[in-house]
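Colleague: sequence and predicted structure, then a few things I'm wondering about:
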Amino acid sequence: MSSVTQLQESEAHANIYLSSLNDDRQQVRQSCLSSSSLSSSCSSEHHDSIKDILSNHQKIIFDKAFDQMLTRHFYLIQHEFSSSDRFEGWIYTNNRHRYKIIISYHLSCSCKQFQKNDICKHFLFVLKRIFNVDLYSSDLRLSIMEYHRFTNIELEHIFQGQSRRLCSIVPPLSPLNKKEQLPLTFKRQSIDYNDVCPICFERLLMKNRRLVTCFYSCGKSMHENCMNKWKHVKGKTTTCPLCHKQNQILCQLK
């Protein structure tokens, strides 16, 4: 017995406005700014002291990495929490490079830029896109650029953002005999305007982004292009990135 999971092309909901890539990037910036304004309970003296500690060079390096993160596409191809205070993720890029990012008490990315500057676009992609962390937070920037580590409280706060994006999705359907031919009766789960693709973590409903859906298992959707990247990396072991059921019918993605 083996499961039959099918990812099939699907059209976006007609009654939902499709955002552009610029809209998505603007929302990322705006969410950071909003979080900063809401969390401004710290005294002005505290923020002034942080500004004094971080040099202009450090600020420029951080902002440059932030801008690069917003203007490039990255794909989360594997991740694990090896412990409650340690996240390890593997990022795939459009030029087919792979980088390992670690978020724990000590921070790292396997790219050369991080080794040089203690910050990079891949690391910020994980913080913002996956964990929805406020990248305008002065305390966060200080922890990264000056101390090169996170405290236990900071890690707890960061990992709170994983509940919506990295948690287990609905349990898959019961295994089916792969010779059994069933009609497509399992419908795609509803898509919310703020839902993100589980691979690139950009907004799911976007202009010029076709969707594929795991119809015979979890019913969740993702960008077709992202699933193609996922398939390229995983090869014969390709599974749905959400429910992880073996996918045996991928010809429709070509």
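Modeller: All right, it came through fine.
Colleague: and residue 70, how many neighbours does it have?
Modeller: Look at residue 70: counted by other CB atoms under 10 Å, it has 20 neighbours. No exception for glycine: its C-beta is placed from N, CA and C like everyone else's.
Colleague: distance check, it against residue 243.
Modeller: 30 Å (CB to CB, to the nearest Å).
Colleague: next, the distance between the ends of stretch 103-116.
Modeller: Start and end residues of stretch 103-116 are separated by 17 Å (CA to CA, to the nearest Å).
Colleague: and for that stretch, what's in contact with it?
Modeller: Residues from elsewhere that reach stretch 103-116 (CB atoms under 8 Å, 6 or more residues apart in numbering): 65, 85-87, 89, 97, 99-102, 118-123, 126-127, 131, 144, 148-152, 155, 158.
Colleague: just checking, which of the residues you listed belong to strands?
Modeller: 86, 87, 89, 99, 100, 101, 102 (DSSP state E).
Colleague: out of the residues you listed, which is most surrounded?
Modeller: Neighbour-wise, the ones in strands among the contacts of stretch 103-116 (other CB under 10 Å) top out at residue 101, 26 neighbours.
Colleague: surely that one touches residue 92?
Modeller: No. Assessed by CB atoms under 8 Å, residue 101 is found out of contact with residue 92, at 11.7 Å.
Colleague: got phi/psi on residue 202?
Modeller: With angles defined as degrees, to the nearest 10, residue 202 sits at phi -90, psi 170.
Colleague: what's the pLDDT at it?
Modeller: Listed pLDDT for residue 202 reads 92.
Colleague: relative to residue 107, how far out is it?
Modeller: 23 Å.
Colleague: and residue 97, backbone torsions?
Modeller: Dihedral pair for residue 97: phi -90, psi 150, per degrees, to the nearest 10.
Colleague: please apply the same query to residue 118.
Modeller: Reported as degrees, to the nearest 10, the phi and psi values for residue 118 are phi 60, psi 20.
Colleague: what about it, neighbour count?
Modeller: There are 20 residues near residue 118, going by other CB under 10 Å.
Colleague: the one 3 residues further on now?
Modeller: The local packing of residue 121 (other CB under 10 Å) involves 23 other residues.
Colleague: quick one, what contacts it?
Modeller: Residue 121 makes contact with 65, 66, 68, 69, 72, 74, 113, according to CB under 8 Å, 6+ apart.
Colleague: I am finished for the moment; much appreciated.
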